[in-house]
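Asker: give me a 3D structure for the following:
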Amino acid sequence: VLSFIIFICYIASLAASFMMAPLLEFLLALFLFFAYASKLNEKFKGLYWPLTDFLRCVTAAIIYFAISIAAVSKYNDGASKAAGVFGFIATIVYAIDFYIIFNELVAFLKQGGADSPDERKSEDEASDSDSD
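Answerer: Next up is the predicted model:
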C-alpha cells in the first residue's frame with residue numbers, strides 16, 4: 001500500500017520520472033503476496049522464496065532511500081516532498097522487513113539448509129504432539 005501511495009504522489013509531482021521504482025515495487029510485492037496466497041512457494045521448491053523476499057526488501061530500501069533524497073532535495077512542489085517523506089517511511093519499513101527476514105535466513109543456514117523454515121515449524125509441531 002505504501003508503494004502505491006508513493007507511486008500516486010510521484011505521478012502528481014514534478015518528479016514524475018521517479019514513478020517507475022514504486023510501481024515496480026508495488027507490482028513485485030503484489031506478485032509475492034499472490035504467490036504465497038496461492039501456495040506457489042510449495043509448488044516451486046527450486047526457488048527459496050524467503051531469499052527472494054529478502055533481496056526485494058534490500059533493493060527496495062536502497063532505491064527508496066536514493067529517490068527520496070533526490071525528490072526532497074531537488075523538487076519544491078508538495079507532492080514531491082510528500083513522496084519523499086513516504087519514501088523515507090518505506091525505507092524504514094523495508095529495512096525492518098529485511099532485518100527480520102535476515103534473521104530467519106541466518107537460522108536456516110545455521111541449521112544446515114536441509115529444509116525451509118516453514119517445514120521446520122511443522123516438523124517441530126509434529127514432534128511436540130508425538131511426545132505428548
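
Asker: pLDDT score for Pro22?
Answerer: pLDDT recorded at Pro22 is 88.

Asker: how many residues are close by it?
Answerer: 27 (other CB atoms under 10 Å). The C-beta positions use only the backbone N, C-alpha and C, and glycine is treated the same way.

Asker: can you show me the CA trace of the helix or strand it falls within as PDB?
Answerer: Using DSSP states H and E, Pro22 sits in helix 20-37. Only the C-alpha atoms of helix 20-37 are listed here, as PDB (Å, rounded to 0.1, in the frame of the first residue of the first chain):
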ATOM      1  CA  MET A  20       8.700   3.600 -12.100                       C
ATOM      2  CA  ALA A  21      10.500   2.400  -8.900                       C
ATOM      3  CA  PRO A  22       7.400   2.500  -6.600                       C
ATOM      4  CA  LEU A  23       5.300   1.000  -9.400                       C
ATOM      5  CA  LEU A  24       7.700  -1.900  -9.900                       C
ATOM      6  CA  GLU A  25       8.000  -2.500  -6.200                       C
ATOM      7  CA  PHE A  26       4.200  -2.400  -5.800                       C
ATOM      8  CA  LEU A  27       3.800  -5.000  -8.600                       C
ATOM      9  CA  LEU A  28       6.500  -7.200  -7.200                       C
ATOM     10  CA  ALA A  29       5.100  -7.100  -3.700                       C
ATOM     11  CA  LEU A  30       1.600  -7.900  -5.200                       C
ATOM     12  CA  PHE A  31       3.100 -10.900  -7.100                       C
ATOM     13  CA  LEU A  32       4.800 -12.200  -4.000                       C
ATOM     14  CA  PHE A  33       1.600 -11.800  -2.000                       C
ATOM     15  CA  PHE A  34      -0.400 -13.800  -4.500                       C
ATOM     16  CA  ALA A  35       2.400 -16.300  -4.800                       C
ATOM     17  CA  TYR A  36       2.300 -17.000  -1.100                       C
ATOM     18  CA  ALA A  37      -1.600 -16.900  -1.000                       C
END
